[in-house]
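> mind folding the following:
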Amino acid sequence: MLDTLRGAHQPVPPMWLMRQAGRYLPEYRALRAEKGGFLALVNDSAAAAEITLQPIRRFAFDGAILFSDILIVPMALGQKLWFETGEGPRLAPKIDARAVLDGFVPDSAAFAPIYETVRLVSAALAPETTFLGFAGSPWTVATYMINGQGSREQAEARRLAYTDPALMEALVDRIVASTIEYLLGQIAAGVEAVQLFDSWAGSLSPAQFERWVIAPNARIVAALREHVPHVPVIGFPKGAGGKLPAYARETGVDAVGVDETVDPEWAHASLPAGMPVQGNLDPLALIAGGEALISAADRILSAFADRPHVFNLGHGILQDTPIAHVEQLVAHVRKGGR
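The predicted model follows:
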């Protein structure tokens with residue numbers, strides 16, 4: 001998988017699945033019941049390492065993804081983070097004025113449990129399994145910090161970007177700097193490639209996308225290139241659609257993650273020649289299984305047959321995904337489709 005991310009074409013693509021370490025697995029649910037809430041698991045390095053390794057033991061994926069959360073960076077910047085049962089993350093205070101942002105007291109100690117998780121997993125993984133670290137991209141992280149929780153339309157963040165771009169710029173600058181520190185720390189601890197998750201990139205207009213998605217991610221990639229040029233960077237701007245080629249060209253990422261709404265044939269024709277692509281099976285096709293799953297997988301395998309390709313979902317695996325369907329997908333991809 002690491003060779004693929006560096007541009008080598010493989011006759012059978014390597015694979016991993018976003019959110020492969022998580023609640024669709026009975027072994028994860030058992031450990032969570034024993035250990036407590038999500039954030040407690042993230043900060044328990046031994047438990048987080050075990051969760052990271054669970055899908056590797058079960059499915060022998062080619063890549064292991066660190067079990068953590070994109071909102072570790074707001075914690076390191078000084079914002080309070082907690083999770084409401086059944087409702088997701090909450091952050092306080094919301095960023096609605098420069099005084100709020102300036103009142104934060106940064107503490108990079110929030111990264112320490114994550115780095116320990118990386119060390120534990122790195123020591124346990126077989127050499128042929130690529131270890132992926134990750135961080136949230138600045139725009140997506142900012143939407144949570146501004147709204148205090150997730151939101152479907154990111155209206156508060158989009159409004160702030162228009163009405164107080166100086167405050168948005170200051171917030172994004174801090175997220176960029178913290179993210180660079182965080183990813184370099186993960187790499188020093190043992191990850192071999194990193195992914196930038198921009199889950200809410202699709203909510204922005206083209207001009208705003210250039211300013212708040214492409215430009216900050218380009219700064220992060222440039223910093224990683226300066227310090228660790230051998231480490232591949234995957235950019236995943238979910239919902240980017242027609243803006244995906246500009247993202248691929250201008251951010252400097254090594255590989256692009258493609259979500260399930262993108263036609264893989266269009267992506268192959270539109271993205272830079274030879275650039276590795278990751279994706280992009282619909283998570284609901286995986287839930288469906290059977291012929292629907294095989295047909296969807298084959299379309300992706302065919303579209304990306306002539307370029308470096310990491311087979312993956314177009315977004316995270318869903319909690320009601322049957323284990324047997326994951327096994328079906330792995331066996332099918334491993335034999336190269338039909």
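> quick check: nearest residue in space to F311, chain neighbours excluded?
Nearest residue to F311 in three dimensions, chain neighbours excluded: M15, at 3.9 Å (Cβ to Cβ, 6 or more residues apart in numbering). Quick note: C-beta positions are derived from backbone N, CA and C, even for glycine.
> that neighbour: neighbour count?
The local packing of M15 (other Cβ atoms under 10 Å) involves 23 other residues.
> geometric centre of the protein: which residue is closest?
Centroid-nearest residue in the chain, with Cα atoms, centre = their mean: F197, separated by 3.7 Å.
> dump the residue contacts of it.
F197 is in contact with 70, 134-137, 140, 236, 238, counting by Cβ atoms under 8 Å, 6 or more residues apart in numbering.
> now, the most widely separated pair of those residues?
Farthest apart among these by Cβ to Cβ are A135 and K238. That separation is 14.7 Å.
> run a quick neighbour tally on L244.
With other Cβ under 10 Å as criterion, L244 counts 23.
> quick one: it and P237 touch, right?
Yes - counting by Cβ atoms under 8 Å, L244 touches P237, with 6.9 Å between them.
> shared neighbours, the two?
V256.
> the stretch 51-200 of the chain: helices as residue ranges?
72-77, 98-102, 112-124, 138-147, 155-163, 165-189 (DSSP state H, counting those that start in this stretch).
> got the angle for the third one vs helix 165-189?
Angle of helix 112-124 versus helix 165-189, following axes from the mean of the first three to the mean of the last three Cα atoms, to 10 degrees, is 40 degrees.
> which residues are in contact with helix 112-124?
Residues contacting helix 112-124 (Cβ under 8 Å, 6+ apart): 42-46, 48-49, 52-53, 64, 66-68, 72, 131, 133, 182, 185-186, 188-191.
> report the separation between the residue nearest to V231 when sequence neighbours are not counted and I180.
Leaving aside its sequence neighbours, V231 sits nearest to I187 (Cβ to Cβ, 6+ apart; 5.5 Å). I187 is 11 Å from I180, where distance means Cβ to Cβ, to the nearest Å.
> just P93 next, same as before
For P93, the distance to I180 - Cβ to Cβ - is 25 Å.
> what about the contacts of F197, which are in strands?
134-136, 236 (DSSP state E).
> output those as JSON lines; include the columns neighbour count.
Shown next, in JSON lines, are the ones in strands among the contacts of F197 (neighbours: other Cβ atoms under 10 Å):
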{"residue": "F134", "neighbour count": "22"}
{"residue": "A135", "neighbour count": "25"}
{"residue": "G136", "neighbour count": "24"}
{"residue": "F236", "neighbour count": "27"}
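> any chance of those in TSV with distance to L77 and pLDDT as columns?
As requested, the ones in strands among the contacts of F197 are exported to TSV (distance: Cβ to Cβ, whole Å; pLDDT from 0 to 100):
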residue	distance to L77	pLDDT
F134	17	98
A135	13	98
G136	12	98
F236	22	98
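> same question for stretch 192-211, mean pLDDT?
Averaging pLDDT along stretch 192-211 gives 96.
> how about the contacts made by L284?
L318.
> in what helix or strand does it lie?
Counting by DSSP states H and E, the element that carries L284 is helix 283-288.
> list the buried residues for the helix or strand immediately after that helix in the chain?
Going down the chain from helix 283-288, the next helix or strand is helix 290-303, by DSSP H and E. Buried residues in helix 290-303, counted by 16 or more other Cβ atoms under 10 Å: 293-294, 296-297, 299-301, 303.
> with that, I have no additional questions.
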